[in-house]
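*Asks:* following is a predicted model, sequence given first.
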There are 2 protein chains.
Amino acid sequence: MSPAPARTSRDAILEAARELLEEEGLDAVTMAAVASRVGVRAPSLYKHIRDRAELVSGVIATAAAELTAALEHALATASAEPAPRVRAIASAYRAFAHGRPRTAALLFADLGPELPIPQAELARSAAPVLEVAAALAGEGRALPAARALTAFVHGFTSMETAGAFRLGGGVDEAFATGVEALIAGLGPAVSSHPGDPQFARPS
Amino acid sequence: MSPAPARTSRDAILEAARELLEEEGLDAVTMAAVASRVGVRAPSLYKHIRDRAELVSGVIATAAAELTAALEHALATASAEPAPRVRAIASAYRAFAHGRPRTAALLFADLGPELPIPQAELARSAAPVLEVAAALAGEGRALPAARALTAFVHGFTSMETAGAFRLGGGVDEAFATGVEALIAGLGPAVSSHPGDPQFARPS
DNA sequence: ACCTGAACACCGTTCAAGT
DNA sequence: ACCTGAACACCGTTCAAGT
């Protein structure tokens, strides 16, 4: 009996936006298209979200939270040695990216001055990566090792989504090659080569 | 005395679009803003380019050609051993990305169904990477090694542009860590670990 | 308290009319 | 042969009016 009960919700709106993003790309995520999916008109969306930038940003933040859960789950079911844990987290990220390719590609994208990436959520996703990186490379080198791992996995899956691997050959093999090379090269057993520009630099 | 000599050109239009992209982001690359930069009205642009998608695509293709030249130049002035050549090409890509961060981020981006990445130009950029990858990992493993290197360097610079590295610490150090790990891990001297899912698979 | 149609500024694109 | 204003469909956003 209140004047007008909500006919939709912020969560429903974010979910509709995510579906449109995956099905047709970011340009298809218009206010009218999202509104239509949730059964209202475009102006009604502004009772639940500030503007389109906040809508897209919310989709990315939600995805980052889901990614964090997926990475943590992968680690919870992995063995205790560093190398299998790195493989587990890399595979979990790639599986996540395959399930939501366009959303995943936006996780670290520069979408213009009006759309900063959601720092807080991504920082939480970084935690499990830092954990395996510390186990692999040692606490003192955890941060650069985590950054290298994240850069490779994000770069690889982005390129995969963009359709960049067209020279034939096995894409799975290329992913494994990169992951194994990083495991071998970041691990403390394989030391730096002569003339290596790396220095001990605690975070 | 011809009816109407061209007051602008496709090259000038692409250059104006590139400047706008770098200065204000992709959303600022409107037909009116580009036209204003080259001194005409928006409808005139359609005498030189098909539509906005082809305009953005042309900016990316031009950048890919410049990237190819930068990578080839870096290799031409690098020493003959594989490791310094990998460092040279990785540094050259990163320097290119620093000079044109937003353009570089689009090189492997999924910009929607209407905007495919320019395959031909990017294939030429891949050639020098394949060359150093073959020198490092051997001809038989050149393709996956090149993909791993490209994924890392592209992923790292994209994250850098997006402002993803906010946990402190040295970003240069993280880049060097990844490059050196890949050199060590992809090189034939450091063999695969036990249980490694890599197989000999010629391209 | 939320939803809506109408309105506004803006955007990509087309086209007839100019030169 | 290229450039232009006018026009169209579309988009994000605001707001007064409904319930």
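*Replies:* Okay, I see it. Just so it is clear, the structure is predicted and the values come from calculations on it, not from any experiment.
*Asks:* please count neighbours and contacts with C-alpha atoms only from this point.
*Replies:* OK.
*Asks:* ok, residue A:122 touching residue A:66?
*Replies:* No - proximity of residue A:122 to residue A:66 does not meet the contact threshold set by C-alpha atoms under 8 Å, at 10.5 Å.
*Asks:* look at the two and report which has more neighbours.
*Replies:* residue A:122 (20 against 15; other C-alpha atoms under 10 Å in any protein chain shown).
*Asks:* which element is that one on?
*Replies:* Under the assignment given by DSSP states H and E, the secondary-structure element containing residue A:122 is helix A:119-137.
*Asks:* how close does the residue of chain A found nearest DNA strand D sit to residue A:42?
*Replies:* Proximity to DNA strand D, evaluated over chain A using C-alpha to the nearest atom of the strand, is greatest for residue A:30 at 3.2 Å. In this structure, residue A:30 and residue A:42 are 9 Å apart, going by C-alpha to C-alpha, to the nearest Å.
*Asks:* then residue A:138?
*Replies:* Residue A:138 is 52 Å from residue A:42, where distance means C-alpha to C-alpha.
*Asks:* list the residues that contact the residue of chain A closest to DNA strand D.
*Replies:* Contacts for residue A:30 were tallied using C-alpha atoms under 8 Å, 6 or more residues apart in numbering or on different chains; they are residue A:52.
*Asks:* model confidence for it, exactly?
*Replies:* According to the predicted model, the pLDDT of residue A:30 comes to 98.
*Asks:* gap between it and residue A:18?
*Replies:* Summarising the geometry, the distance separating residue A:30 from residue A:18, computed by C-alpha to C-alpha, is 12 Å.
*Asks:* so is stretch A:22-36 next to DNA strand C?
*Replies:* No - contact between stretch A:22-36 and DNA strand C is absent, the nearest approach being 7.7 Å (criterion: C-alpha under 7 Å from any atom of the strand).
*Asks:* mind checking how far that stretch is from the chain centre?
*Replies:* In terms of C-alpha atoms, centre = their mean, to the nearest Å, the centre of stretch A:22-36 is set 21 Å apart from its chain centre.
*Asks:* how about the CA coordinates for that stretch, as CSV?
*Replies:* Output for stretch A:22-36, consisting of C-alpha atoms alone and laid out as CSV, is shown next (Å, rounded to 0.1, in the frame of the first residue of the first chain):
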residue,chain,number,x,y,z
GLU,A,22,28.3,-10.5,-23.0
GLU,A,23,25.8,-11.0,-25.7
GLU,A,24,26.3,-7.9,-27.8
GLY,A,25,29.2,-5.9,-26.5
LEU,A,26,29.6,-2.7,-24.4
ASP,A,27,27.9,-0.5,-27.0
ALA,A,28,24.7,-2.5,-26.7
VAL,A,29,24.5,-1.7,-23.0
THR,A,30,22.2,1.3,-23.5
MET,A,31,19.9,2.6,-20.8
ALA,A,32,16.9,1.7,-22.9
ALA,A,33,18.0,-1.9,-23.6
VAL,A,34,18.8,-2.5,-19.9
ALA,A,35,15.5,-1.0,-18.8
SER,A,36,13.7,-3.1,-21.3
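*Asks:* buried ones in it?
*Replies:* A:22, A:25, A:26, A:28, A:29, A:31, A:33, A:34, A:35 (16 or more other C-alpha atoms under 10 Å in any protein chain shown).
*Asks:* now the residues you listed as JSON lines including secondary structure?
*Replies:* Shown next, in JSON lines, are the buried residues of stretch A:22-36 (DSSP: H, G, I helix; E, B strand; the rest coil):
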{"residue": "A:22", "secondary structure": "helix"}
{"residue": "A:25", "secondary structure": "coil"}
{"residue": "A:26", "secondary structure": "helix"}
{"residue": "A:28", "secondary structure": "helix"}
{"residue": "A:29", "secondary structure": "coil"}
{"residue": "A:31", "secondary structure": "helix"}
{"residue": "A:33", "secondary structure": "helix"}
{"residue": "A:34", "secondary structure": "helix"}
{"residue": "A:35", "secondary structure": "helix"}
